[in-house]
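> Next input, structure requested:
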Amino acid sequence: MARVQYRELTCKSALNQVAGMPFKWSLNPYRGCAHDCVYCYARSTHAYFDLGLTDFARTLFVKTNVAERLQEELGRRSWCRETVAIGTVTDPYQPIEGRYRLTRKCLEVFSRFRTPISLVTKGTMVLRDLDVLQDLTARARAIVCFSVPTIDREIWRCTEPGTPRPEQRLRVMERLVAGGVWAGVLMAPLLPGLSADADQIERTVRAAAEHGARFIGSGVLYLDPTVRAYYDAFLARVYPDLLDGYQRLYGTKYTPKRYQIRVERRVHEAKTLAGYRDAPRRWVEAPIAKQLPLPLERSGNVDLRSSGQVH
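Numbers count the residues shown, from 1 in each chain. Reported below is the predicted structural model:
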């Protein structure tokens, strides 16, 4: 991986108001992400800085004053302690968090002001903040979603090159659950022809259940037009036999509804085989929604190798 460059900046506000989602507010302590997931729809957000798609994982911005701004905003009399989604466009526990500790500082502020949060991460550094999450759980609510689209080593290495191994994420999730934190697995995005295959889904669901996931959510890949060429180039380089199938399947940025339903059925069947029971819907809707761009699309699968036909 290329060397990552970090740039400090100050933000005028910490909270971002969100429309059309189950949550009204989001927070991202960083811009850009060193995890460098090939499918990440947030790559296009670096255009704001006149940077390209590859720069999303090479040039990262650190909001050094985000915790101070957050304290000001949560301290206003108008604040109603609504749920805040953390990590909607960048992972709050990517490696630089070890130095700046901005996510931890923000969690401490949320706890102080009794504000519930939901958080999505592929990082294992979240275990460092178990004490803060326990306090926040007691004072408001904290939901931690571990993004684990697959436990397959090859698919993981190719699609999420800067992330901890999937089994490491599951072990950390298990420790959070043991510590009283509501934590679970988000299999998103499921990649057609790869992690969305029936056997892959079954393996991932079984691993999540065995590690005590309080919930298991899923969602099929959303292919933003701005990153389509980037992802297609990845397929042509690593999985060329899938490229034609993707071009047929993704006539738009979303897969056809029938495909999503089939993948959803496979997820449901995998949960049944694993003896897994779903958590109450109110606990998992927001975390699942915030991992996926609008509109919220739920889980479902197709073998795109060779024919690219839905089965």
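> Lowest average confidence across helices and strands of this structure, where is it?
helix 281-291 (a mean of 43; mean pLDDT, DSSP states H and E).
> From the contact counts, what lies against the helix or strand hosting M173?
Assigned by DSSP states H and E, M173 belongs to helix 166-178. Helix 166-178 makes packing contacts with helix 130-139, strand 142-147, strand 182-190, helix 198-210 when contacts are defined by 3 or more CB pairs under 8 Å, 6 or more residues apart in numbering; DSSP states H and E. C-betas here are computed from N, CA, C, even on glycine.
> Just the angle for the last one relative to strand 182-190, thanks.
When you say that, I think you mean helix 198-210. Helix 198-210 and strand 182-190 are oriented at 170 degrees to each other (axes from the mean of the first three to the mean of the last three CA atoms, to 10 degrees).
> Numbering from 33 from now on, please.
Yep, numbering from 33; the last one is helix 230-242 now.
> Give me the next element, helix or strand, following helix 230-242.
Next along from helix 230-242, by DSSP H and E: strand 248-252.
> what about that following strand, average pLDDT?
In this model, strand 248-252 has a mean pLDDT of 96.
> Parallel or antiparallel, list what pairs with it.
Applying DSSP bridges, strand 248-252 is found paired with strand 214-222 (parallel).
> still on that earlier bit, which one of the helices and strands packed on helix 198-210 lies closest to S150?
Of all the helices and strands packed on helix 198-210, it is strand 174-179 that lies closest to S150, at 4.2 Å by CB to CB.
> hang on, the earlier thing: show me which residues of the helix holding M205 are buried.
Going by neighbour count (16 or more other CB atoms under 10 Å), the buried part of helix 198-210 is P198, R201, L202, V204, M205, E206, R207, L208, V209.
> quick one: that helix to chain centroid distance?
Relative to the chain's own centre, helix 198-210 is displaced by 15 Å; criterion: CA atoms, centre = their mean, to the nearest Å.
> for that helix, what is the average pLDDT?
98.
> Over to stretch 86-96?
Mean per-residue pLDDT for stretch 86-96: 95.
> Please apply the same query to stretch 124-139.
98.
> Would you indicate which residues of that stretch are buried?
124-129, 132-139.
> Identify the bridge partners of S150.
A117, I175.
> can you count the residues close to it?
28 (other CB atoms under 10 Å).
> ok, now how distant is it from A215?
11 Å (CB to CB, to the nearest Å).
> Also R75?
Per CB to CB, R75 is found 27 Å from A215.
> Could you check how far the residue lying closest to V158 once chain neighbours are set aside is from T77?
Residue nearest to V158 in three dimensions, not counting chain neighbours: Y125, with 5.1 Å by CB to CB, 6 or more residues apart in numbering. For Y125, the distance to T77 equals 18 Å [CB to CB].
> Over to T120?
Distance of T120 to T77, computed by CB to CB: 10 Å.
> These two - which one has more neighbours?
T120 (23 against 17).
> Surely the more buried one is in contact with Y62?
No - T120 is beyond contact range of Y62, at 11.7 Å (criterion: CB atoms under 8 Å).
> Return every residue with contacts to both of the two.
Both T120 and Y62 lack any common contact, where contact means CB atoms under 8 Å, 6 or more residues apart in numbering.
> what's the neighbour count on K289?
Residues near K289, counting by other CB under 10 Å, number 10.
> what about E105, helix or strand, and which?
Using DSSP H and E, E105 falls in helix 98-106.
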